[in-house]
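> Sharing a sequence plus its predicted fold:
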Amino acid sequence: MTSMIILVVLLVLVIGISIAIYNRLVALRNRFKNAFAQIDVQLKRRYDLIPNLVQTAKGYMKHESETLEAVIQARNQAQQAEKKVAQEPGDSQSMQKLVGAEQALSGALGRMFALSESYPDLKANQNMMQLSEELSSTENKIAFARQSFNDAVMHYNTAREKFPNVIFANMFGFTPAQLFEIETTEERQAPEVSF
């Protein structure tokens, strides 16, 4: 009889622990998904600003159509990659595609801004200055949101890798989440601003 009571107590204890672990992993997964939703909002704002920026530059940079088209193409690819990640923020393949697309977009924007330096009228254009300021502000918001997302992913991954969580995480299908990392050293460095 006492062995039956001990067995029941152990079973209740295992069920209670598994429920607590499951609920904690769900909460952490939802936290990093919410953190990606904040990145998503800022990326969409960025994607909406880029066509306006290109349209403004088009009037001045008539001979630079390849660069402007490259910006729009990179924006469209980044936007498609972002939509896939928004569906499942923890998916590592989708996240890697988004990181690559964002790097390509940043490179294309960098080339456009470098070329715009040789067009003084464009630099002085009020609309261009306002759009550039909005884009810069949005980039800062993306950086903060990405940091928050990476923190949430780190907490989730750490929780799912701890023992005994790892046993239940694998049983319940909690897969590791991918960080939103910048892989190029150029993007890790602070941009040079000269007046």
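It's in.
> what are the ranges of the helices in this protein?
Applying DSSP state H to the chain gives helices spanning 2-58, 65-87, 92-116, 120-124, 126-161, 165-172, 185-188.
> and the last one, average pLDDT?
What helix 185-188 shows for mean pLDDT is 47.
> follow-up on the earlier one: out of the helices of the chain, which comes closest to Gln178?
Proximity to Gln178 (Cβ to Cβ) singles out helix 92-116 among the helices of the chain, at 3.8 Å. For every residue, glycine as well, the C-beta is placed using N, CA and C.
> Can you list the helices and strands that that closest one packs against?
helix 2-58, helix 65-87, helix 126-161 (3 or more Cβ pairs under 8 Å, 6 or more residues apart in numbering; DSSP states H and E).
> Make JSON lines out of those and add mean neighbour count, distance to Met95 and mean pLDDT.
Output for the helices and strands packed on helix 92-116, formatted as JSON lines (neighbours: other Cβ atoms under 10 Å; distance: least, Cβ to Cβ, whole Å; pLDDT from 0 to 100):
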{"stretch": "helix 2-58", "mean neighbour count": "15", "distance to Met95": "9", "mean pLDDT": "93"}
{"stretch": "helix 65-87", "mean neighbour count": "17", "distance to Met95": "6", "mean pLDDT": "91"}
{"stretch": "helix 126-161", "mean neighbour count": "16", "distance to Met95": "9", "mean pLDDT": "92"}
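> can you list those helices in CSV and add distance to Asn170?
CSV is the format used below for the helices and strands packed on helix 92-116 (distance: least, Cβ to Cβ, whole Å):
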stretch, distance to Asn170
helix 2-58, 11
helix 65-87, 23
helix 126-161, 9
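> and of the ones you listed, who's closest to Ile167?
Per Cβ to Cβ, nearest to Ile167 of the helices and strands packed on helix 92-116: helix 2-58, 8.6 Å.
> relative to helix 126-161, how tilted is that closest one?
Going by axes from the mean of the first three to the mean of the last three Cα atoms, to 10 degrees, helix 2-58 is angled at 160 degrees with respect to helix 126-161.
> switch to numbering from 18
Understood, numbering begins at 18; the last thing we discussed is helix 19-75.
> quick one, helix 19-75 and helix 109-133 angle?
20 degrees.
> Give me the angle between helix 19-75 and helix 182-189.
Per the same axes, to 10 degrees, the angle that helix 19-75 makes with helix 182-189 is 80 degrees.
> Just want the angle from helix 19-75 to helix 82-104.
Inter-element angle recorded for helix 19-75 and helix 82-104: 160 degrees (by the same axes, to 10 degrees).
> Helix 19-75: how far from the chain's middle?
14 Å (Cα atoms, centre = their mean, to the nearest Å).
> For stretch 105-118, buried residues please.
Of the residues in stretch 105-118, Pro106, Gly107, Asp108, Ser111, Met112, Gln113, Lys114, Leu115, Val116, Ala118 count as buried by neighbour count, 16 or more other Cβ atoms under 10 Å.
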